[in-house]
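# Sequence plus the predicted model coming up.
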Amino acid sequence: MPFDELLKELQGQKTVQEDPEHLSFDRLFNDSFMGKYSNWNSFSEFLEKGNFQVETHEDIRNIPDELFDRHVARETQFANWNDMLDKATKEASK
């Protein structure tokens, strides 16, 4: 650990910054977000409706784009998964 970081941590000044690429689904697609932008109250309900089994970001990447984009367009206010993910990332980083 670099000296600067160690000093900040010891002084209690170090802040934890989350990598936007690896925010949890709970943080990105919280119940408030899902209730506002989709037909569902939670991200898990949204996934269940589409018969998707998702535990990790990798699971999402393994779903065929066309299939997931269609589900997003049908069940949310977004045209596709990337639009939904972008909006959730922006809202989570506020």
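Now that the structure is in, tell me what you want to look at. Numbers count the residues shown, from 1 in each chain.

# Please tell me the pLDDT value assigned to the most centrally placed residue in the chain.
Most central in the chain under C-alpha atoms, centre = their mean is residue 28, positioned 3.3 Å from the mean C-alpha point. Residue 28 carries a pLDDT value of 88.

# now residue 5
On pLDDT, residue 5 comes in at 57.

# Can you read off the pLDDT for the spatially closest residue to the residue nearest to the centre of the chain that is not a sequence neighbour?
Of all residues beyond its chain neighbours, the one nearest residue 28 is residue 88 (4.2 Å), with distances taken as C-beta to C-beta, 6 or more residues apart in numbering. C-beta coordinates here come from the backbone N, C-alpha and C atoms, glycine included. At residue 88, the pLDDT value in this model is 93.

# I'd assumed residue 89 was in contact with the residue nearest to the centre of the chain.
Yes: with contact defined as C-beta atoms under 8 Å, residue 28 reaches residue 89; the gap is 6.5 Å.

# re earlier: in contact with the residue nearest to the centre of the chain, which residues?
43, 85, 88-89, 92 (C-beta atoms under 8 Å, 6 or more residues apart in numbering).

# Which of these are buried? Put it as a PyMOL command.
Only the buried members of the contacts of residue 28 enter the following PyMOL selection, criterion being 16 or more other C-beta atoms under 10 Å:
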select buried, resi 43+85+88+92
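
# Which single one of the contacts of residue 28 is nearest to residue 58?
Nearest to residue 58 among the contacts of residue 28: residue 85, at 14.4 Å, using C-beta to C-beta.

# ok so the closest one is a strand residue?
No: the assignment for residue 85 by DSSP: H, G, I helix; E, B strand; the rest coil gives helix, which leaves it out of any strand.

# Quick check: it vs residue 64, distance?
For residue 85, the distance to residue 64 (C-beta to C-beta, to the nearest Å) stands at 16 Å.

# And for residue 93?
28 Å.

# Tell me which of those two has more neighbours.
Each of residue 93 and residue 64 has its neighbours counted (other C-beta atoms under 10 Å); residue 93 has more, 12 against 8.
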